[in-house]
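Colleague: I'll drop the sequence and a predicted model, then ask my questions.
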Amino acid sequence: MNLLSVLPLAVVMIAGPQIIAAIFLASSRDPKRSSLAYLTGAGLAMLVALTVWYVVFHLVRVAGSGQDRHDGTRRAIDWVVLLVLLALMVTVFVRRKRTQPPKWMGRLQEAKPRYAFGLGFLLFIAMPSDQANMLAVAASLAGHDRPWWHLLPFLFLTLLLLALPLLALLAFGQRAAAALPKIRDWANDHSWVVSEAVILIFIAIVGSQLL
């Protein structure tokens, strides 16, 4: 398992209310400050969660000292990752018909930076699907003796994808502002398909290592 293998899961991290909220904030009264606050909250939540999961599985791997036990521990971690991914895949499929944004998203048009920061933090720290995703990434890297800093490209790529609505607004101005609602509606209806495809690819990678 290497860094490039886990990077596609960044797409799964932002699919759903995470990217929808980013689009709402990019078209709010104060898009720059609110979006940056949202990204900061999301980044902090991811940094904390990824680090905690990495430490947990690093300790599990270290506890399995000796070559035979080490190989067994690594396979056990891979099985945990596989089961978590399967559960995540089922969760995404079950929630696929929830196409209406939550009512609280209506407040994002008037959101202040403090609210946007808290929202970004809570969406990534409290969402079970994102926790399962980060567990899979951290466990995969820790279980295969990859250093902690390998988590950072995954974190930065997730934030880059989350920042796309703001970057589009800064680059294209009113044209982007007019297109964002259409993109939001498409993402709300179809992001689950993209998530399922990415999860399935990662399941195949993990499964091939277990064979």
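Modeller: Perfect, thanks for sending it.
Colleague: Only C-alpha atoms from now on, for both contacts and neighbour counts.
Modeller: Fine.
Colleague: Quick one: the helices in the protein, in order.
Modeller: Per DSSP state H, the chain carries helices over the ranges 3-6, 9-14, 17-26, 31-63, 67-94, 113-126, 128-143, 151-162, 164-172, 174-210.
Colleague: and the first one, how far from the chain's centre?
Modeller: In terms of Cα atoms, centre = their mean, to the nearest Å, the gap separating the centre of helix 3-6 from the centre of its chain is 14 Å.
Colleague: Give the other helices and strands that it contacts.
Modeller: If contacts are counted by 3 or more Cα pairs under 8 Å, 6 or more residues apart in numbering; DSSP states H and E, helix 3-6 sits against helix 174-210.
Colleague: Quick check: buried residues in the helix it packs on?
Modeller: By 16 or more other Cα atoms under 10 Å, the buried positions in helix 174-210 come out as 176-177, 180, 184, 187-189, 191-192, 195-196, 198-199, 202-203, 206.
Colleague: before we move on, the earlier item: with mean pLDDT as new columns, can the helices of the chain be given to me in JSON lines?
Modeller: Formatted as JSON lines, the helices of the chain follow (pLDDT from 0 to 100):
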{"stretch": "helix 3-6", "mean pLDDT": "78"}
{"stretch": "helix 9-14", "mean pLDDT": "90"}
{"stretch": "helix 17-26", "mean pLDDT": "87"}
{"stretch": "helix 31-63", "mean pLDDT": "93"}
{"stretch": "helix 67-94", "mean pLDDT": "80"}
{"stretch": "helix 113-126", "mean pLDDT": "92"}
{"stretch": "helix 128-143", "mean pLDDT": "91"}
{"stretch": "helix 151-162", "mean pLDDT": "96"}
{"stretch": "helix 164-172", "mean pLDDT": "89"}
{"stretch": "helix 174-210", "mean pLDDT": "76"}
